[in-house]
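Enquirer: This is a predicted model, with the sequence first.
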Amino acid sequence: MNDYADYLNQPTNNDLGHIAGNDGMPLLGRAIAFGMDPHKVCEQHYRQYGPVSRMKMGPERVLLALGPDNAQALHLDPDKNFSSEKGLERFKHLIGGSLIMKDFDEHRFQRRLMQTAFKTAAMRKYSVGINEVCARNITAMAAGEQFKFAPRVKQTLLEIAAQTFTGVSGQGGDGDKLTSAFQRFVEAFDYLFPVYMPGFKYFKGLRAKRDIDIFIKRLIDVKRQNDDDDILAHFCRETDENGNPFSDQDISENFVLLLFAAQDTTTASLVNAFYELGRHPEWQQRIREESLAIGKENLDFDDLEKMPSAGLVFNEAQRLHASVPLFPRRSIRPCELSGVEVPPNTMIMNAITYNHRMPEWWTNPLQFDPERFERGEHKQHPFLFHPFGGGAHKCIGMHFAQFVFKTFIHHALSQYRIEMPAGYTADYQYMPMSAPKDGLPLRLIKVS
């Protein structure tokens, strides 16, 4: 497609002086202020300049397009005005050939690769391994005294990824090696500079991607022939509209994307939910009662609807502490957002984390109130609450993420209560994902 190839080759436009905004400091722009508190920067821009304004993130000018109307325009994009591939170009070396980096027909083609892996029948089979890993790791967490929750839950989810994604056990041998590579790869996504030298995150991430790629490609031929039920096996057996298998490179690139999307965001969801549950023990008890009413140790995929309170807490934790704080696009041709003329090849950011707290839409937006989702506050606009994106790029693994979240919650709260240090209030970081800076100290106390 000529238009597709053409816009991919165009340089990013920085000529945005005609649009109201605040470039910020020389060289750094507003990058430091935005990283420290994106809500404050977004609120300043929204009140002073309106829903669309310019700012600098480092040397590059971008448009900050805020609010649910702009989220809808960027996600649905009926006129094909916005590119995800160019918006995410910073991560090209890490996930360059994957689904999230593709636009339009190319995106639809890649999305087909993942479809079977996330259907209900497949999800039911993943549940056995997910329950086993959650139960074992939660028991270990509760065996000691106070611990930092974030690194322990991250390790748990990395083990789930190794087992569920490839069928390789996360305990010993290949499982440990794969889990270690997963961790180094995921940590590379918040690199500051693309320095390919030992000791730098970017270098470690690319080396880890190489190791994962080698490991995955060794398995592809075997997985194409057997009847394994892991996610990689589904990828290997999937075919395009002509009945042809996807290439080894397509499989590998999308596998590492899925690793990042499923692991890091779900870690953030659990950490933020446990922080809020620690501050609101009445919600712990409400979830515990629903969990015990299910009447069995392990949670099946078909049990998801039996834990509605956990679902409300998941949504409210995502609203208050969005796992994906913003999503970028780049304009392809001249277009309009909120009445502002947007030049072609312009970088645009919509801040999910701000949309989820706008006082125009949410009642007491800084208050933890899961029941707002029972009242339907999020239904005022189809893109007021969009933790999993929307349109063609809506997260294909969102039900997987919700199942992992509820399974972990089920095993934890059916047996233990969360206790944080007396008087503890988390000091939050917001980028690259929202989470307590200190890793969230807590204890799991056995309930009688």
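Expert: Yep, it's here.

Enquirer: Next, please give the residue ranges for the helices of the stretch 151-300 of the chain.
Expert: Here the stretch 151-300 of the chain has its helices, by DSSP state H, counting those that start in this stretch, at 173-187, 201-225, 231-237, 248-279, 281-294.

Enquirer: ok, and what's touching the third one?
Expert: Translated: helix 231-237. For helix 231-237, contacts defined as C-beta atoms under 8 Å, 6 or more residues apart in numbering pick out 113-114, 116-117, 122, 126, 164-167, 216, 219-220, 223-224, 226-227, 245-246, 251, 254-255, 258. All C-beta spots, glycine's among them, are computed from the backbone N, C-alpha and C.

Enquirer: got the contact list for the most centrally placed residue in the chain?
Expert: Taking C-alpha atoms, centre = their mean, the centroid of the chain lies closest to Thr265, which sits 3.6 Å from it. The contact partners of Thr265, taken as C-beta under 8 Å, 6+ apart, are Ser323, Val324, Ala401, Met433.

Enquirer: Over to the first one. Which of the three states is it?
Expert: Judged by DSSP: H, G, I helix; E, B strand; the rest coil, the three-state class of Ser323 is coil.

Enquirer: Show the contacting residues for it.
Expert: Asp264, Thr265, Thr266, Ala268, Ser269, Asn272, Pro387, Met433, Ser434.

Enquirer: ok, for the last one, nearest residue in space, not its chain neighbours?
Expert: On the basis of C-beta to C-beta, 6 or more residues apart in numbering, the spatially nearest residue to Ser434 that is not a chain neighbour turns out to be His321, at 4.0 Å.

Enquirer: In contact with the one you found, which residues?
Expert: Ala268, Asn272, Thr353, Tyr428, Ser434, Ala435.

Enquirer: burial measure for the residue lying closest to Tyr424 once chain neighbours are set aside, as a count.
Expert: Among residues not flanking Tyr424 along the chain, Pro441 sits closest, at 7.1 Å (C-beta to C-beta, 6+ apart). For Pro441, the count of nearby residues is 16 (other C-beta atoms under 10 Å).

Enquirer: can you pull up the bridge partners for Pro441?
Expert: Assessed by DSSP bridges, Pro441 has beta-bridge partners Lys148.

Enquirer: The one 5 residues further on now?
Expert: On the basis of DSSP bridges, Lys446 takes part in beta bridges with Tyr416.

Enquirer: I'd assumed Gln415 was in contact with it.
Expert: Yes: Lys446 lies in contact with Gln415 (C-beta atoms under 8 Å); the separation is 6.5 Å.

Enquirer: what is in contact with the two at once?
Expert: Joint contacts of Lys446 and Gln415 (C-beta under 8 Å, 6+ apart) are Ala142.

Enquirer: When the two are compared, which one has more neighbours?
Expert: Gln415 (19 against 8).

Enquirer: pLDDT score for the more buried one?
Expert: Per-residue pLDDT puts Gln415 at 97.

Enquirer: Look up how far Gly129 lies from it.
Expert: Counting by C-beta to C-beta, to the nearest Å, the gap from Gln415 to Gly129 is 20 Å.

Enquirer: Look up the residues forming beta bridges with the residue nearest to Asp79 when sequence neighbours are not counted.
Expert: Nearest-residue entry for Asp79: Cys335, 7.2 Å, with adjacent residues in sequence omitted and distances by C-beta to C-beta, 6+ apart. On the basis of DSSP bridges, Cys335 is bridged to Val342.

Enquirer: Please name the residues that touch Cys335.
Expert: Neighbour list for Cys335: Asp79, Asn81, Phe82, Glu341, Val342 [criterion: C-beta under 8 Å, 6+ apart].

Enquirer: Using ChimeraX, define a selection of the buried residues within these.
Expert: Entered in ChimeraX, the line below selects the buried ones among the contacts of Cys335, by 16 or more other C-beta atoms under 10 Å:
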select :81,82,342
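
Enquirer: any idea which of the contacts of Cys335 is the one closest to Ala293?
Expert: Phe82 (45.4 Å; C-beta to C-beta).

Enquirer: how about low-confidence regions in the stretch 251-400 of the chain?
Expert: By pLDDT under 70, the stretch 251-400 of the chain has no low-scoring segment.

Enquirer: Isn't Asp229 up against Ala122?
Expert: Yes: if you go by C-beta under 8 Å, Asp229 and Ala122 touch, sitting 6.9 Å apart.

Enquirer: most neighbours, which of the contacts of His321?
Expert: Asn272 (27 neighbours).

Enquirer: So what sits opposite Pro436 in the bridge?
Expert: With DSSP bridges as the rule, Pro436 is bridged to Tyr428.

Enquirer: Check whether it really touches Thr425, as I assumed.
Expert: No: applying C-beta under 8 Å, one finds Pro436 not in contact with Thr425, separated by 9.4 Å.

Enquirer: more crowded one of these two?
Expert: When Pro436 and Thr425 are compared for neighbours, Pro436 comes out ahead with 22 against 10, by other C-beta under 10 Å.

Enquirer: got a list of contacts for the host helix or strand of Met123?
Expert: Element membership for Met123, per DSSP states H and E: helix 120-142. Helix 120-142 is contacted by residues 116, 147, 149, 152, 155-156, 159-160, 163-164, 170, 229-231, 234, 297-302, 399-400, 403-404, 407-408, 410-412, 415-416, 444-446 when judged by C-beta under 8 Å, 6+ apart.

Enquirer: what's the closest of the contacts of Cys335 to Met55?
Expert: Distances from Met55 to those, taken by C-beta to C-beta, are shortest for Val342, at 14.5 Å.

Enquirer: How about the contacts made by the closest one?
Expert: Val52, Leu63, Ser331, Pro334, Cys335, Glu336, Ile348.

Enquirer: Please, a ChimeraX command that selects the buried ones among the residues you listed?
Expert: For the buried members of those, the matching ChimeraX selection, counting by 16+ other C-beta under 10 Å, is:
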select :52,63,331,335,348
